[in-house]
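Visitor: Next comes the sequence, and after it the predicted model I'd like to discuss.
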Amino acid sequence: MKQILSLFRWLVILLLIIAVAFFIYVSVKINQPYRTNENRQVFSVPAGTTTKEVARSLEDEGLISSAFFFELHVYLKKIGEKIQAGNYEFSPSMSIGEIAARLTAGDVVDNSVRVTILEGWRIEDIAAALETAGLQSEREFRMFTSPSVPGRGHDFSGEFSFLVDKPQDMGLEGYLFPDTYLLADGSTSEDIARKFLQNFDRKLTSDLRARISEQKKTIYEVVTMASIIEREVGRNLKKGTKLSVEDARKLEEERKLVASVFYNRLEIGMALESDATVAYITGSNSDRATIEETKINSPYNTYRYKGLPPGPISNPSLASIEAAIHPADSEYLFFLTSADGTAYFGRTLEEHIQNRERYLE
């Protein structure tokens, strides 16, 4: 009997030790900042958002280490119903407790700016939009996100694994994810670029990354291909035309077919001959390259140089990235885009010539 009591006593002591250790661990998780990073970012809580959704968004945006501990803190404090909708300004250097306190106090900010980055925009387009919004000078953002210069210090590869295979001397073209953003007034180029990259990180799911790996491609190669697809397909969308469900479905199919054309050409060693890559060299938004432009001596000129260009030529949508990962199964080697933005495909040069005569001339 004494042995049983002694064993029970030690079991109670062990459970108490575990409970105290867990309490200390939880306390540290709640009161200790996620990481030393003073970069501010706007965090939006729409009306009707649940505690679970807030917790997940905080974790996804890199503001807290764990959604679980945020939910646990809110549950223990019984403050879930006190979280208020609005725009907040947080940084990863704040603890879960501090963030929860601001959310329940309704400590919102009104100096945030909404900026929309369109699919297929280049860095120069994004920089111009940021300057128009009064957030950042066009020159500063272009310098920050363009190919690296020693001492500039904007290598995010240690923070985002999807950038590891990007050549170090290349900029962030291709990774500044198109979307509508809420940015804090006074944000630096680094703050803004990080916000775009965080969104890219969320959108490129583990399933998509696994598929890229299975195909023995790199993320950089896929993003480069997607950036070409984005500029070649859906020109109606670029002009802001509202698409019907049927048009959106056709656009999705066209992206995959265009991807198949480019991959088929790569497979047989045929030049991509993409007008979009030539437009990237000239800086124009023209749909078609002139004969003289196709002779420009640049590694981005896919009329003169076979294979993919050195890097992305735009910042593609998720749909174009998915098309680059899941192209259609076709034998097409040619395509053209008519004046209304519709793509027409051909297996042979003869079919392509017929399409030109029918839809372009």
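Guide: Done, it's in. Numbering: from 1, shown residues only.
Visitor: Where does pLDDT dip in the stretch 201-350 of the chain?
Guide: 235-243 (pLDDT under 70).
Visitor: separation between K295 and I281?
Guide: The gap separating K295 from I281 is 11 Å, by C-beta to C-beta, to the nearest Å. In this view, the C-beta of every residue, glycine as well, is placed from N, C-alpha and C.
Visitor: And P92, by the same measure?
Guide: Going from P92 to I281 by C-beta to C-beta gives 39 Å.
Visitor: Also T348?
Guide: 29 Å.
Visitor: ok, now how distant is the closest residue in space to V164 that isn't next to it in sequence from E59?
Guide: Nearest non-adjacent residue to V164, counting by C-beta to C-beta, 6 or more residues apart in numbering: S157, 5.3 Å away. Separation of S157 from E59 (C-beta to C-beta): 21 Å.
Visitor: higher neighbour count, these two?
Guide: When neighbours are counted by other C-beta atoms under 10 Å, S157 and E59 differ, and E59 comes out ahead with 17 against 12.
Visitor: In contact with the more buried one, which residues are there?
Guide: Remark: with contacts taken as C-beta atoms under 8 Å, 6 or more residues apart in numbering, E59 is in contact with S65, S66, A67, F70.
Visitor: out of those, which are buried?
Guide: Among those, those classed as buried by 16 or more other C-beta atoms under 10 Å are S65, A67, F70.
Visitor: Now the helix or strand where the last one lies: buried residues?
Guide: In this case it means F70. F70 is part of helix 67-77 when elements are defined by DSSP states H and E. By neighbour count on 16+ other C-beta under 10 Å, the buried set for helix 67-77 is A67, F69, F70, E71, L72, H73, V74.
Visitor: Out of the residues you listed, flag the one nearest to E173.
Guide: Among the buried residues of helix 67-77, A67 lies closest to E173 (C-beta to C-beta), at 32.1 Å.
Visitor: Leaving out the residues flanking it, which one is nearest to that closest one?
Guide: Nearest in space to A67, with sequence neighbours left out and distances taken as C-beta to C-beta, 6+ apart, is A55 at 3.8 Å.
Visitor: Count the neighbours of the nearest residue to E331 once chain neighbours are set aside for me.
Guide: Closest residue in space to E331, ignoring its immediate chain neighbours: R347 at 5.0 Å, by C-beta to C-beta, 6+ apart. Neighbourhood size, R347 [other C-beta under 10 Å]: 13.
Visitor: count of residues packed around Y263?
Guide: Residues lying near Y263 (other C-beta under 10 Å) number 15.
Visitor: Sort out which residues of the host helix or strand of it are buried, please.
Guide: Y263 is part of helix 245-267, with elements assigned from DSSP H and E. Residues of helix 245-267 classed as buried by neighbour count (16+ other C-beta under 10 Å): 247, 250-252, 254-262, 264-265.
Visitor: for G307, helix, strand, or coil?
Guide: Look at G307: counting by DSSP: H, G, I helix; E, B strand; the rest coil, its state is coil.
Visitor: residue contacts, it?
Guide: Applying C-beta under 8 Å, 6+ apart, we find G307 in contact with L266, L272.
Visitor: Quick check on it: phi, psi?
Guide: Here is the backbone geometry of G307 (degrees, to the nearest 10): phi 90, psi -180.
Visitor: For N264, see how far away F160 is.
Guide: Taking C-beta to C-beta, one finds F160 at 32 Å from N264.
Visitor: which is the next helix or strand following the helix holding F70?
Guide: Past helix 67-77, the next helix or strand by DSSP H and E is strand 86-90.
Visitor: C-terminal to that following strand, what's the next element?
Guide: Following strand 86-90 toward the C-terminus (DSSP H and E): helix 96-105.
Visitor: can you give me the angle that next one makes with helix 67-77?
Guide: 60 degrees (axes from the mean of the first three to the mean of the last three C-alpha atoms, to 10 degrees).
Visitor: List the neighbours of helix 96-105 that are in contact with it.
Guide: Under the criterion C-beta under 8 Å, 6+ apart, residues 29-31, 45, 54, 58, 63-64, 69-70, 73-74, 77, 79, 82-84, 88, 90, 107 lie in contact with helix 96-105.
Visitor: and if you look at stretch 293-303?
Guide: The contact list for stretch 293-303 (C-beta under 8 Å, 6+ apart) reads 271-274, 277-278, 280-282, 289, 304-305, 308-310, 313.
Visitor: Mark which of those residues are buried, thanks.
Guide: Listed as buried from those are L272, E273, S274, T277, V278, Y280, I281, A289, Y305, L308, P309, I313; burial here means 16+ other C-beta under 10 Å.
Visitor: so how far is the host helix or strand of M143 off the chain centroid?
Guide: Per DSSP H and E, M143 falls inside helix 138-145. How far helix 138-145 lies from its chain's middle: 18 Å, per C-alpha atoms, centre = their mean, to the nearest Å.
Visitor: Mind checking what helix or strand follows it in sequence?
Guide: Moving toward the C-terminus from helix 138-145, the next helix or strand (DSSP H and E) is strand 180-184.
Visitor: so where do the strands sit in the stretch 201-350 of the chain?
Guide: Applying DSSP state E, counting those that start in this stretch to the stretch 201-350 of the chain gives strands spanning 334-337, 343-346.
Visitor: nearest to A129, of these?
Guide: strand 334-337 (25.3 Å).
Visitor: Pairing partners for that closest one, with directions?
Guide: Using DSSP bridges, strand 334-337 pairs in its sheet with strand 343-346 (antiparallel).
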